[in-house]
Structures are given as structure tokens and as C-alpha cells.
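# Curious how this folds, go ahead:
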Amino acid sequence: MSIKKAIFPVAGLGTRFLPVTKAQPKEMLPIVDKPAIQYVVEEAVQSGIEDFLFITGKDKRPLEDYFDHSGELEYHLEKQGKTDLLELVRNIACMCQIHYVRQKKPLGLGHAVWCAKQHVGDEHFAVLLGDDIVVAHEPCLKQMIEVYETTKRPVVAIRRVPRDEVSSYGIIQGKPLGGGLWEVSDLVEKPAPEDAPSDLAVIGRYILPPEIFPVLEDLEPGRGGEIQLTDALRVLAQAEPIIGYEFKGIRYDVGTPKGLLIATIEMALSREDLGEELEQYLADLVRRRNLT
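Down below sits the predicted model:
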């Protein structure tokens with residue numbers, strides 16, 4: 001059976017982006033002219049996902065409104081004959097059918113995934129984090145689904161990171177299988193650089209079995225007093241190795257202001273309607289700064 005259900009944990013408070021996230025979900029912060037979460041949803045759609053579940057929290061209503069129809073706006077655009085814009089906003093609402101479950105307390109990523117238990121049932125499913133955007137010829141999740149269909153094992157997306165950044169990630173221990181695949185025997189959540197078993201970090205894409213739910217239910221709080229998904233993956237890996245996959249594509253970490261700015265600039269430069277003028281502006285800006 002292929003992967004048809006996907007979970008999007010979007011209940012975070014977005015404290016790195018305060019004060020704007022006091023009133024606006026961080027997932028709705030724009031990259032050029034689309035909110036970050038839309039890029040992740042589009043990746044799932046392009047990967048064949050049919051069932052979408054958002055794990056939300058307090059003050060996340062703008063997410064629901066964004067992926068719904070806007071009758072007043074659509075009427076206004078239709079009346080003015082702005083058919084291109086009308087099609088654009090309608091396509092957002094028609095892209096997929098999204099379900100919503102609220103995570104009532106901020107108890108960590110593992111708890112957010114556990115909140116999907118009843119919706120997922122006994123199927124394997126995907127988890128996509130909105131902080132990671134991957135630009136690739138073949139969607140990152142689709143690459144992972146192909147790995148899952150071949151191996152029939154849980155799959156986590158991995159990427160090498162600088163040693164001084166390993167303390168920001170879950171880090172794997174494993175052995176290479178070739179073709180960008182690793183047999184993962186253990187994982188460590190945010191280790192100190194000297195304690196990290198490797199420089200291979202888990203990025204925000206997972207394909208998980210339903211067996212993760214009883215593990216999460218019995219798991220003691222870990223780092224930060226939260227239920228850590230990495231800790232649950234450690235338990236799974238003890239029973240049967242999971243697969244780490246070094247995906248193909250450019251990954252942007254939009255969970256930090258710097259990462260969001262980098263993604264915005266690079267993705268704007270790649271657009272035909274913006275790239276040339278923006279590149280010229282940036283060149284002029286660098287030249288002016290070098291003269292001061």
C-alpha cells in the first residue's frame with residue numbers, strides 16, 4: 001500500500017518570529033507571494049497524498065481560512081473580470097481537502113503526531129514539517145515514498161549539516177546502504193557536537209508506521225520536557241532499523257528569520273517575472289555598500 005495520508009504539525013508558537021507571530025501563524029509568513037505552508041502542501045499534493053490533517057493550536061484560524069473559499073473576494077474578482085487572480089485563489093481552496101485536529105497543549109512534535117492517531121488508523125503515513133521547504137525536480141516526499149515502497153520500512157529524510165549545527169537537529173547513527181540510503185540504528189535529539197554520532201541530520205519529512213502511536217503514548221517527556229518524535233524513532237529502530245534517505249533537492253530552513261529571507265531571495269531570483277530585476281538590484285546594492 002502506498003502513502004495517502006499526511007500529517008502537518010502546525011501548532012507551534014513561532015517565538016523566533018515575534019512580534020509578528022503574536023497575531024499571525026508563522027506558517028503563513030510569505031515566501032515571495034505564497035505562505036510557507038503552501039509550498040509544503042503543494043509538495044504533498046504532487047507526491048500523491050489524498051488525505052491531509054493539520055495538527056493546529058490556538059490562534060491558527062488563519063490557516064483554515066487560507067485553504068478555504070473566500071466568497072467575498074472571489075465575487076469581487078469575478079465582477080472586475082480578474083479571471084487570472086480568481087483562478088489563483090480558487091485553486092488554493094480546491095487543491096486538497098484538509099482536516100483539522102487541535103493540539104490542546106504544546107507538548108512537542110511527538111505529541112502532535114500522536115494527536116493524529118484516530119485519523120490515521122492502521123495505515124503508514126507521512127509527516128511534513130512547515131519549517132522545511134525542499135525545491136526539487138521530483139518532490140522530496142515522492143522520493144521518500146519510492147524508498148518506502150521498495151524497502152517497506154519507516155523512512156526519514158536526512159542531510160549532512162556542519163558539525164557546529166548538529167545541536168539543532170535529531171542526528172542519526174547508521175551504516176550506508178548505497179544510493180543515498182542509510183540503515184539507521186539509533187538517533188539522538190540535539191546532541192552536543194562532541195557527542196553527535198554523525199553529521200547526518202533528520203529533516204522535516206517522515207514516513208511512519210502506525211506502530212509509532214503506542215510508542216508515543218508510553219513515552220516519557222524528553223528534551224525540553226516535551227514528547228520528542230526522535231525518542232520514539234529510537235524505540236522503533238531498536239525493533240527494526242529504519243531507513244535514512246539523503247534526498248535530492250535544495251532545502252530551505254524557513255523556521256528562522258535568516259532562513260526565511262534566504263528562501264525568499266533565492267526563490268524570487270528563480271522567477272521569470274522577478275529574477276532579472278531583483279538580481280540587478282542586489283548587484284547594485286552590493287556595489288553601493290562596498291563604496292561606503
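# what about dumping the CA coordinates of stretch 233-250 to CSV?
Provided in CSV are the C-alpha atoms of stretch 233-250 (Å, rounded to 0.1, in the frame of the first residue of the first chain):
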residue,chain,number,x,y,z
LEU,A,233,12.0,6.7,16.4
ARG,A,234,14.8,5.4,18.6
VAL,A,235,12.4,2.8,20.1
LEU,A,236,11.3,1.8,16.6
ALA,A,237,14.9,1.5,15.4
GLN,A,238,15.6,-1.0,18.2
ALA,A,239,13.0,-3.3,16.9
GLU,A,240,13.9,-2.9,13.2
PRO,A,241,16.2,-0.5,11.5
ILE,A,242,14.6,2.4,9.8
ILE,A,243,15.8,4.0,6.6
GLY,A,244,17.5,7.4,6.4
TYR,A,245,17.3,8.9,2.9
GLU,A,246,19.6,11.6,1.6
PHE,A,247,17.1,13.3,-0.6
LYS,A,248,17.8,15.2,-3.8
GLY,A,249,17.0,18.9,-3.8
ILE,A,250,17.6,22.3,-2.2
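# Enumerate the positions of that stretch that are buried.
233-237, 241-247, 249 (16 or more other Cβ atoms under 10 Å). Every C-beta, even on glycine, is put in place using the N, C-alpha and C of the backbone.
# Stretch 217-233 now?
By 16+ other Cβ under 10 Å, the buried positions in stretch 217-233 come out as Leu219, Gly222, Glu226, Ile227, Gln228, Leu229, Thr230, Asp231, Ala232, Leu233.
# what's in contact with stretch 160-175?
The set of residues external to stretch 160-175 that reach it, using Cβ atoms under 8 Å, 6 or more residues apart in numbering, is 156, 158, 182-193, 196-203, 229-230, 233, 241, 244, 246.
# gap between that stretch and the chain center?
Distance of stretch 160-175 from its chain centroid, counting by Cα atoms, centre = their mean, to the nearest Å, is 18 Å.
# now stretch 258-272
Distance of stretch 258-272 from its chain centroid, counting by Cα atoms, centre = their mean, is 17 Å.
# about what we covered before: include pLDDT, distance to Val41 and secondary structure when you put the buried residues of stretch 217-233 into JSON lines, please.
Shown next, in JSON lines, are the buried residues of stretch 217-233 (pLDDT from 0 to 100; distance: Cβ to Cβ, whole Å; DSSP: H, G, I helix; E, B strand; the rest coil):
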{"residue": "Leu219", "pLDDT": "83", "distance to Val41": "28", "secondary structure": "coil"}
{"residue": "Gly222", "pLDDT": "75", "distance to Val41": "29", "secondary structure": "coil"}
{"residue": "Glu226", "pLDDT": "83", "distance to Val41": "25", "secondary structure": "coil"}
{"residue": "Ile227", "pLDDT": "87", "distance to Val41": "25", "secondary structure": "coil"}
{"residue": "Gln228", "pLDDT": "90", "distance to Val41": "25", "secondary structure": "coil"}
{"residue": "Leu229", "pLDDT": "93", "distance to Val41": "20", "secondary structure": "helix"}
{"residue": "Thr230", "pLDDT": "91", "distance to Val41": "24", "secondary structure": "helix"}
{"residue": "Asp231", "pLDDT": "91", "distance to Val41": "27", "secondary structure": "helix"}
{"residue": "Ala232", "pLDDT": "93", "distance to Val41": "25", "secondary structure": "helix"}
{"residue": "Leu233", "pLDDT": "93", "distance to Val41": "24", "secondary structure": "helix"}
